[in-house]
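**Q** Predicted model follows, preceded by the sequence.
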Amino acid sequence: MSEATTITRRISISSDVDLLPLLGRNDDHLRTLENELDVRIVARGHDLTVKGDERQVLKAERALVQLAELVRSGAPLRAVEVRAALQMLADDEHADLKAVFADAIPVPSRKKWISPKTMGQKRYVDAIRKHDMVFAIGPAGTGKSFLAVAMAVSTTLAVLVERIAYRPLRKAPRLIPLIAAIGASFFLQYTFRGLFGPGIYAYPAVDVLGEAVPLSFIRLRWVDVLVVVSAFVMMAGLYLFVMRTKVGTAIRAVSEDKDIAALMGIDVNRAIVTTFAVGAAMAGAAGVLYALMFRQVFFFSGFIPGIKAFTAAVLGGIGNVPGAMLGGLFLGQAESIGPTLFLDGFGVPSPNQLRDVIAFTMLVLVLVFRPSGILGERVTEHKA
């Protein structure tokens, strides 16, 4: 396997290009490019330095050059256009962003102008102008079909993995299932790498989710609202399922002591399979929300979010649903402000690139000083 080549590229932006709309307020657009393409960008006046994997740096260069031309033409450049531009260039590296975004269409009923966000939308608009009648077939809605398919596929895979990799090891020492879990994880990831390749894919866009929420005091997109609301709904549903249903009671009993639960008439295998199925369905939904937010996926996309989910669960308290959600919120805040708070003062360039260090440092500290987590119980060998 060939190693990725790291290069540094210097890009000079024309002096007649306004840097504020290009870079974004507080360099938001640069941060978007850094996060989406996994590169490091440093701005010094009209000179930009991009460092990272060669392929990703070249993508960033193409995006910056075309976005600069877009700003020079007077077209508005917001976060939704930046993300749409990255998706178009991922689909077609020769795409002409200016030809797409500069094609403004008036909407008198809403007193605003809109523009295409993808090459498909551009072709659709051109077809409408050229022909009297146009028929089009394509996806619609707000991603409910993506959600249903992802949850169904992940649930099916989880049940199969439980049956093949975990159930035969039910009586084995605890270390053996842990090794099996790591092996199953890598098996699935590299199976999908073989099926779909190692490349980065642009996730299908849902246009309405990229629009800004009409609030003057805060900057939000509808996708941000969807992610937060969905997280609260799923966590509330999971809590009620675990704490208020007979199946949830059986799951908690099995997690406490499988042998005693079996003596009480609980079907241990069924409870464990249900746990795998529910957890996988939640993971499938979370995967769709993650892809809608970050818009790029590849075969290894779920590894780091999975580790961070484990970190959030440990931080909040293993086995405590509200604690896991609290741990996730706390971890997210630490990642958002931690790099700037702790690293910026030491002169570390682009400290946002080191946000994962904050997450895993917190995991180590929690495991050392409070293994039970924020809301977890202290577990002893002999319970009363």
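**A** In hand now; what should we look at? Numbers count the residues shown, from 1 in each chain.

**Q** And the helices in the stretch 51-200 of the chain?
**A** Under the criterion DSSP state H, counting those that start in this stretch, helices of the stretch 51-200 of the chain are mapped to 54-72, 79-91, 97-101, 119-130, 144-161, 175-196.

**Q** Distance to residue 258 and mean neighbour count added to these, as JSON lines?
**A** Any C-beta I mention is one placed from the backbone N, CA and C, and that applies to glycine too. Listed next are those as JSON lines, based on distance: least, Cβ to Cβ, whole Å; neighbours: other Cβ atoms under 10 Å:
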{"stretch": "helix 54-72", "distance to residue 258": "47", "mean neighbour count": "20"}
{"stretch": "helix 79-91", "distance to residue 258": "47", "mean neighbour count": "21"}
{"stretch": "helix 97-101", "distance to residue 258": "58", "mean neighbour count": "19"}
{"stretch": "helix 119-130", "distance to residue 258": "53", "mean neighbour count": "14"}
{"stretch": "helix 144-161", "distance to residue 258": "19", "mean neighbour count": "16"}
{"stretch": "helix 175-196", "distance to residue 258": "13", "mean neighbour count": "13"}
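
**Q** Specify the helix with the largest residue count in the chain.
**A** helix 268-294 (DSSP state H).

**Q** And the average pLDDT for the helix or strand following it is what?
**A** Next helix or strand after helix 268-294 toward the C-terminus (DSSP states H and E): strand 296-297. Mean pLDDT, strand 296-297: 83.

**Q** One more: stretch 62-77?
**A** The predicted model gives stretch 62-77 an average pLDDT of 82.

**Q** who touches it?
**A** 11, 13-14, 16-18, 21-22, 24, 29, 33, 37, 48, 50, 81-82, 85-86, 89, 93, 96-98, 101-102, 104, 115 (Cβ atoms under 8 Å, 6 or more residues apart in numbering).

**Q** switch to 7 Å and redo it
**A** With contact meaning Cβ atoms under 7 Å, 6 or more residues apart in numbering, stretch 62-77 is reached by 11, 13-14, 16-18, 21-22, 33, 48, 82, 85-86, 89, 93, 97-98, 101-102.

**Q** any idea how the chain splits into domains?
**A** 6-130, 140-300, 302-384 (automatic domain parsing).

**Q** Which one of the ones you listed has the poorest average confidence?
**A** When I compare these, domain 302-384 is least confident, with a mean of 76.

**Q** before we move on, back to that, what helices or strands is the longest helix of the chain leaning on?
**A** helix 144-161, helix 222-244, helix 246-256, helix 258-263 (3 or more Cβ pairs under 7 Å, 6 or more residues apart in numbering; DSSP states H and E).

**Q** Pick out the residue nearest the middle of the protein.
**A** residue 290 (2.8 Å; Cα atoms, centre = their mean).

**Q** which residue sits closest to it in space, ignoring its chain neighbours?
**A** residue 305 (6.1 Å; Cβ to Cβ, 6 or more residues apart in numbering).

**Q** and the gap between the residue nearest to the centre of the chain and residue 230?
**A** 11 Å (Cβ to Cβ, to the nearest Å).

**Q** go on, residue 173?
**A** When residue 173 is compared with residue 230 (using Cβ to Cβ), they lie 38 Å apart.

**Q** sorry, back to before: out of the helices of the stretch 51-200 of the chain, which is closest to residue 284?
**A** Residue 284 lies closest to helix 144-161 among those, at 3.4 Å (Cβ to Cβ).

**Q** by how many degrees do that closest one and helix 222-244 diverge?
**A** Between helix 144-161 and helix 222-244, the angle formed by their directions is 40 degrees, by axes from the mean of the first three to the mean of the last three Cα atoms, to 10 degrees.

**Q** From the chain's centroid, how far away is helix 144-161?
**A** 17 Å (Cα atoms, centre = their mean, to the nearest Å).

**Q** which residues sit against that helix?
**A** With Cβ under 7 Å, 6+ apart as the criterion, helix 144-161 contacts 184, 188, 273, 276-277, 279-281, 283-285, 287-288.

**Q** filter the residues you listed to the buried ones?
**A** 184, 273, 276, 277, 280, 281, 283, 284, 285, 287, 288 (16 or more other Cβ atoms under 10 Å).

**Q** related to what we said a few turns ago, is there a neighbour count for the residue nearest to residue 290? I'd like the number.
**A** 14 (other Cβ atoms under 10 Å).
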